[in-house]
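A.B. asks: Could you look at this predicted model? Sequence included:
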Amino acid sequence: MKTIGFLRVVVEPLNKFSMPPQCYRCQEFFHHSRFCARAPKCLKCSGGHLTSECTKSAKAQAKCANCSGPHPANFSGCPKNPINTKNNKNKPTKNVWQSERLRAKKNQSAKTYFLGSS
């Protein structure tokens with residue numbers, strides 16, 4: 001399709017987001033801050049506070065909360081970032097929720113129900 005009505009359109013394939021999710025509370029990977037119960041770490045100075053409460057100036061050098069390097073914790077070139085590690089031990093290898101759902105479905109189908117009078 002090149003036009004819709006009188007509008008020219010270009011259809012492109014969807015590019016997947018290549019970065020793993022990073023928590024904005026503890027700065028670790030593979031979970032969301034909404035579900036994080038870990039202690040907060042600052043994105044800029046790696047202090048024990050939320051980034052919104054940081055008093056460090058924007059010109060001061062950042063300190064990574066993951067590797068202690070001279071960059072913010074969300075820097076894509078960080079050696080602790082999972083896209084830069086070949087063998088990541090923190091990445092989930094098994095979908096626990098899917099296996100639980102399959103087990104529950106199997107147990108449900110294994111039950112036998114009898115209808116009729118006793």
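C.D. replies: Right, received. Where do you want to start?
A.B. asks: Every contact and neighbour count from this point should use C-alpha atoms.
C.D. replies: OK.
A.B. asks: How many neighbouring residues does the residue nearest to residue 56 when sequence neighbours are not counted have?
C.D. replies: Once flanking residues are discounted, residue 56 sits nearest to residue 45: 7.3 Å by C-alpha to C-alpha, 6 or more residues apart in numbering. By the criterion of other C-alpha atoms under 10 Å, residue 45 has 23 neighbours.
A.B. asks: quick one: contacts for residue 45?
C.D. replies: Contacts for residue 45 (C-alpha atoms under 8 Å, 6 or more residues apart in numbering) come out as 54, 56, 62, 63, 64, 65, 72.
A.B. asks: Kindly write the ChimeraX command that selects the buried subset of these.
C.D. replies: The following ChimeraX line selects those of the contacts of residue 45 that are buried, judged by 16 or more other C-alpha atoms under 10 Å:
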select :62,63,64,65,72
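A.B. asks: Quick check: pLDDT value at the residue nearest to residue 56.
C.D. replies: Residue 45 carries a pLDDT score of 94 in this model.
A.B. asks: one step back: between the contacts of residue 45, which is nearest residue 104?
C.D. replies: Of all these, the one with the least separation from residue 104 (C-alpha to C-alpha) is residue 65, at 39.9 Å.
A.B. asks: What distance do you get for that closest one to residue 54?
C.D. replies: Note on residue 65: its distance to residue 54, by C-alpha to C-alpha, to the nearest Å, is 13 Å.
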